[in-house]
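>>> show me the folded form of this:
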Amino acid sequence: MHASEQIFNILSELVDGNIYPLFVPETAPDSDRYIVYQIISTEPDNTLDGTTGHEWVRVQIDVYCNDYDEMLALSSRVIGRLNGITPSNYLGVQHLYEANQYRAIIEYEFWQTFV
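Model (predicted):
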């Protein structure tokens, strides 16, 4: 299963479906909390025979909230759920404040099959 599909399925209910790949569409409902995720890079598992259909995928998951404590709590729940994807590597989180919202930037690597 693709990492993007897993991320969407696992995290969607945490933000009432306000989760988006790459950017928030203009038609999205206003929400005080939402998630945006994107694949940053991939590292394929290749052999002498060619590609295997497997790869490590580096993903950035951005959690946005209007309240700082809510952002910390939601980020914790996101990390807890993503740890259920195996194998995966949690690479850390960074907290920011921008455009009147609190943001957590969470980075992960996941093993995915793309064939």
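>>> quick check: next helix or strand after the biggest helix by length in the chain?
With secondary structure taken from DSSP state H, the chain has its longest helix at helix 68-82. Proceeding N to C from helix 68-82, the next assigned helix or strand is strand 88-98, under DSSP states H and E.
>>> show me what that next one is packed up against.
Judged by 3 or more C-beta pairs under 8 Å, 6 or more residues apart in numbering; DSSP states H and E, strand 88-98 is in contact with helix 68-82, strand 101-113. All C-beta spots, glycine's among them, are computed from the backbone N, C-alpha and C.
>>> got the angle between that strand and helix 68-82?
160 degrees (axes from the mean of the first three to the mean of the last three C-alpha atoms, to 10 degrees).
>>> neighbouring contacts of strand 88-98?
Around strand 88-98, the neighbours that count as contacts under C-beta atoms under 8 Å, 6 or more residues apart in numbering are 58, 68, 71-72, 75, 79, 82-83, 102-111.
>>> now swap in stretch 51-60 and tell me
Contact partners of stretch 51-60, identified using C-beta under 8 Å, 6+ apart, comprise 3-4, 7, 37-46, 91, 105-115.
>>> quick check: the gap between the residue nearest to residue 81 when sequence neighbours are not counted and residue 69.
Beyond its immediate neighbours in the sequence, the residue positioned closest to residue 81 (C-beta to C-beta, 6 or more residues apart in numbering) is residue 10, lying 4.9 Å away. Distance of residue 10 to residue 69, given as C-beta to C-beta, to the nearest Å: 23 Å.
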